[in-house]
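Chemist: predicted model follows, preceded by the sequence.
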Protein chains: 2
Amino acid sequence: MKEFELIGRYFKRPAPSALLGVGDDAAIVRPTPGCDMHMSVDMLVEGRHFFADVAPRALGHKTLAVNLSDLAAMGARARWALLSIALPQADEAWVAEFAAGFHALAAEHGVELIGGDTTCGPLTLSVTVLGETPAGQALRRDAARVGDDVWVSGELGLGALAVRRRLGWLEVDDAALLQTAQRKLEYPEPRLALGSLLLPFAHAAADVSDGLMADLGHILAASGVAGEVWAGSLPSDPRLEALRPRYLDCLAAGGDDYELVFTAPADLRQQVEAAAAQCACRVSRIGRIVAGQGGRLLDAAGDTIPLKKEGYDHFG
Amino acid sequence: MKEFELIGRYFKRPAPSALLGVGDDAAIVRPTPGCDMHMSVDMLVEGRHFFADVAPRALGHKTLAVNLSDLAAMGARARWALLSIALPQADEAWVAEFAAGFHALAAEHGVELIGGDTTCGPLTLSVTVLGETPAGQALRRDAARVGDDVWVSGELGLGALAVRRRLGWLEVDDAALLQTAQRKLEYPEPRLALGSLLLPFAHAAADVSDGLMADLGHILAASGVAGEVWAGSLPSDPRLEALRPRYLDCLAAGGDDYELVFTAPADLRQQVEAAAAQCACRVSRIGRIVAGQGGRLLDAAGDTIPLKKEGYDHFG
């Protein structure tokens, strides 16, 4: 199967919101008047971001999901995507499944694939996503203020559990828990609806990809503030507690969560909870922003809990 | 050196035209009112798009240049870029040189690097570029009309010559020619100025990356027309003729040219030449658009010259 046939059959889809989609030197879109454009790119490499034997449908989902998660963290509406893919060979069945996973998630969020590049090489995916917000609005990392609450969406630690178990770092006997964790690892749900609802009143946000304390740390550094996180308030699957003492590493520094960590004024707690209820997404208040610098994970007595590392460094 | 230090030191640069550049979940730009946005992505893989021993500065240039070439082919003004890079290790000297080559070309064209992703993996680069045109204007591939002239910018075949010699497919003794060819291969100049000047009156355009006849073929197929190209009119370095009969393969199907092939009404030849003169870029009239389908390379007698293949297929 030739490169252009592959693109035409599996990646080219109608893109009614674009002036020009897949098939020219560039795609063309008409930005919505009065909106700013948000754009983000993430690259996924076999053996580092996913296991070589991952189901291609799951990989197609996740490749787009991790990028949409970045737009969610800005409070942006997702609009368009471009996909670069290097494949070891033109395996049509594999590409069909990958594309099905990608397009299914795209359709769910009204995202149109408008361009890309297909080449031969070690399996590598790079997606660029574009989103829009009303001009001047965004959940930036540098907008946390002293007195804000710190919140996180969904549940933490499940993706990290699945990775650690697969790597042989953890033993987990609970088959049902493992299945839940594997699902969370392979099919993360980008929190776009929540991000959009938070946009008008929340302060800062980031998506939790490298680990909660690491990603919150980016907010703290960019905003010039400090943060306290209460270990006992971190939301997770109750079955994870059986993994004590390792479970806190998964929750606070595991990564692969693709949840939103965000800050909002303490007097707007009801609005946060109303927004979460509106999109049926769990949110948990896990800490607060204080003066100073750096993030601290605190136990019930208020003492700092040391973490082996706060998150993932690709060259660490 | 850690991932974030690497990004901060070598890739983060002031981006005054962006509302938010490198360092958040997404970058933010404010589109120019009344403009359409053009976007393109290209992925480069070691051993396929470049040799493993390429100078990192040249690779930094070329990684951006091949993407800007796509915007040039749309007639767009280049504005912003995002860079995904997978590196086998955090080699600071290598990254410094790569970034220098990338930023030098970006500065030359007023392009700002506003985002990206850095990870560990087999050396792979993926750049997304964004450009603008006045709303509704673009040099699309589907706009060629019967009666148009076919033009090409610059000179053809030099990049292909350098690749073929390196692969041992061709012997070339002329050291000065080789140096010229190597330079063209490593430092292609995106024809952005020419594209912008052609935008108001040319019809269709594509950039010549896979090979002249292949890339012209995309225009012909998209426009539902046929094209005749006169082999004797293909512009190149006169020293290339010494390579007969192989040189025609380099010129017409070699690829790695990053020139523009475009069509324009036959009564606007003076405008094409004036645009070329204004930006000091050679242009050559090499053929014409006729009714039918497919492209034909013709000799002086008007007979079709067979080519071994028209261009590059990544899975061919």
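Modeler: Happy to help now that I have it.

Chemist: what about the closest residue to chain B within the stretch 51-200 of chain A, how many residues nearby?
Modeler: As assessed by Cβ to the nearest Cβ, chain B sits closest to A:Gly121 within the stretch 51-200 of chain A, at 3.3 Å. Just so you know, the C-beta spots here come from the backbone N, C-alpha and C atoms, and that holds for glycine as well. Neighbour count for A:Gly121, taken as other Cβ atoms under 10 Å in any protein chain shown: 20.

Chemist: thought it was touching A:Pro88?
Modeler: Yes: with contact defined as Cβ atoms under 8 Å, A:Gly121 and A:Pro88 form a contacting pair (7.3 Å).

Chemist: next SSE downstream of the longest helix along chain A?
Modeler: Using DSSP state H, we find that the single longest helix of chain A is helix A:56-74. Downstream of helix A:56-74, the first helix or strand assigned by DSSP states H and E is strand A:77-87.

Chemist: from A:Met213, how far out is A:Trp80?
Modeler: 33 Å (Cβ to Cβ, to the nearest Å).

Chemist: picking that back up, wait, what's in contact with the residue of the stretch 51-200 of chain A closest to chain B?
Modeler: Neighbouring residues of A:Gly121 by Cβ atoms under 8 Å, 6 or more residues apart in numbering or on different chains: A:86-88, B:43, B:45-48, B:122, B:124.

Chemist: narrow those residues to those in strands?
Modeler: A:86-87, B:43, B:45, B:124 (DSSP state E).

Chemist: how about those in CSV, adding neighbour count?
Modeler: Formatted as CSV, the ones in strands among the contacts of A:Gly121 follow (neighbours: other Cβ atoms under 10 Å in any protein chain shown):
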residue, neighbour count
A:Ala86, 26
A:Leu87, 21
B:Met43, 28
B:Val45, 21
B:Thr124, 26
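
Chemist: show me the two of these that sit farthest apart.
Modeler: With distances taken as Cβ to Cβ, the most widely separated pair in those is A:Leu87 and B:Thr124, at 12.0 Å.

Chemist: stretch A:270-277: which residues count as buried?
Modeler: For stretch A:270-277, burial by neighbour count (16 or more other Cβ atoms under 10 Å in any protein chain shown) applies to A:271-272, A:275-276.

Chemist: for it, C-alpha coordinates in PDB please.
Modeler: Extracted in PDB, the C-alpha atoms of stretch A:270-277 (Å, rounded to 0.1, in the frame of the first residue of the first chain):
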ATOM      1  CA  GLN A 270     -19.700  26.200  44.600                       C
ATOM      2  CA  GLN A 271     -19.100  27.300  41.100                       C
ATOM      3  CA  VAL A 272     -16.300  24.700  40.700                       C
ATOM      4  CA  GLU A 273     -18.600  22.000  42.000                       C
ATOM      5  CA  ALA A 274     -21.400  23.200  39.800                       C
ATOM      6  CA  ALA A 275     -19.200  23.100  36.700                       C
ATOM      7  CA  ALA A 276     -18.000  19.600  37.600                       C
ATOM      8  CA  ALA A 277     -21.600  18.400  38.100                       C
END
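
Chemist: give me the mean pLDDT for it.
Modeler: Across stretch A:270-277, pLDDT averages out at 98.

Chemist: got it, and stretch A:11-24?
Modeler: On average, stretch A:11-24 scores 86.

Chemist: and it, how far out from the chain's middle?
Modeler: 25 Å (Cα atoms, centre = their mean, to the nearest Å).

Chemist: ditto for stretch A:9-19
Modeler: Between the centre of stretch A:9-19 and the centre of its host chain there is 24 Å, according to Cα atoms, centre = their mean.

Chemist: quick check: end-to-end length of it?
Modeler: End-to-end distance of stretch A:9-19: 20 Å, with Cα to Cα, to the nearest Å as the criterion.

Chemist: separation between the closest residue to A:Ala266 other than its chain neighbours and A:Ala253?
Modeler: Spatial nearest neighbour of A:Ala266, excluding adjacent residues (Cβ to Cβ, 6 or more residues apart in numbering or on different chains): A:Asp149 at 5.3 Å. A:Asp149 sits 21 Å away from A:Ala253, going by Cβ to Cβ.

Chemist: try A:Leu197
Modeler: Taking Cβ to Cβ as the measure, A:Leu197 falls 28 Å from A:Ala253.

Chemist: any low-confidence regions in chain A?
Modeler: A:1, A:3-4, A:309-316 (pLDDT under 70).

Chemist: again, 50 this time
Modeler: The model of chain A has pLDDT under 50 over residues A:316.

Chemist: domains of it?
Modeler: A:3-134, A:141-298 (automatic domain parsing).

Chemist: tell me which element A:Ala275 falls in.
Modeler: Element membership of A:Ala275, judged by DSSP H and E, is helix A:269-278.

Chemist: from the contact counts, what lies against that helix?
Modeler: strand A:149-153, helix A:192-198, strand A:283-290 (3 or more Cβ pairs under 8 Å, 6 or more residues apart in numbering or on different chains; DSSP states H and E).

Chemist: redo that, cut-off 10 Å
Modeler: When contacts are defined as 3 or more Cβ pairs under 10 Å, 6 or more residues apart in numbering or on different chains; DSSP states H and E, helix A:269-278 packs onto strand A:149-153, helix A:192-198, strand A:259-264, strand A:283-290.

Chemist: tell me what the third one is packed against?
Modeler: I take that to be strand A:259-264. Counting by 3+ Cβ pairs under 10 Å, 6+ apart, strand A:259-264 packs on helix A:56-74, strand A:149-153, helix A:192-198, strand A:205-208, helix A:212-223, strand A:226-230, helix A:269-278, strand A:283-290.

Chemist: in the last one, what's buried?
Modeler: The neighbour-count check on strand A:283-290 (16+ other Cβ under 10 Å) flags A:283-289 as buried.

Chemist: same check on the fifth one?
Modeler: Residues of helix A:212-223 classed as buried: A:212-223 (neighbour count, 16+ other Cβ under 10 Å).

Chemist: near chain B, anything from it?
Modeler: Yes: using Cβ under 10 Å from any Cβ of the partner chain, helix A:212-223 comes into contact with chain B via A:214-215, A:218-219, A:221-222.

Chemist: run the chain-centre distance for that helix.
Modeler: 15 Å.

Chemist: then that helix to PDB, C-alphas only?
Modeler: Output of helix A:212-223 as PDB, limited to C-alpha atoms (Å, rounded to 0.1, in the frame of the first residue of the first chain):
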ATOM      1  CA  LEU A 212       0.700  15.800  40.000                       C
ATOM      2  CA  MET A 213       3.400  17.500  42.100                       C
ATOM      3  CA  ALA A 214       5.500  18.100  39.000                       C
ATOM      4  CA  ASP A 215       2.700  19.600  37.000                       C
ATOM      5  CA  LEU A 216       1.400  21.600  39.900                       C
ATOM      6  CA  GLY A 217       5.000  22.700  40.300                       C
ATOM      7  CA  HIS A 218       4.900  24.300  36.900                       C
ATOM      8  CA  ILE A 219       1.900  26.400  37.900                       C
ATOM      9  CA  LEU A 220       3.600  27.400  41.200                       C
ATOM     10  CA  ALA A 221       6.900  28.400  39.400                       C
ATOM     11  CA  ALA A 222       5.100  30.300  36.700                       C
ATOM     12  CA  SER A 223       2.900  32.100  39.200                       C
END
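
Chemist: packing partners of that helix?
Modeler: Counting contacts by 3+ Cβ pairs under 10 Å, 6+ apart, helix A:212-223 packs against strand A:149-153, strand A:205-208, strand A:226-230, helix A:247-253, strand A:259-264, strand A:283-290, strand A:294-298, helix B:3-6.

Chemist: what are the pairing partners of the third one, and which direction each?
Modeler: The strands that strand A:226-230 pairs with in its sheet are strand A:283-290 (antiparallel), strand A:294-298 (parallel) (by DSSP bridges).

Chemist: what angle separates the first one from strand A:259-264?
Modeler: This points to strand A:283-290. Counting by axes from the mean of the first three to the mean of the last three Cα atoms, to 10 degrees, strand A:283-290 points 50 degrees away from the direction of strand A:259-264.
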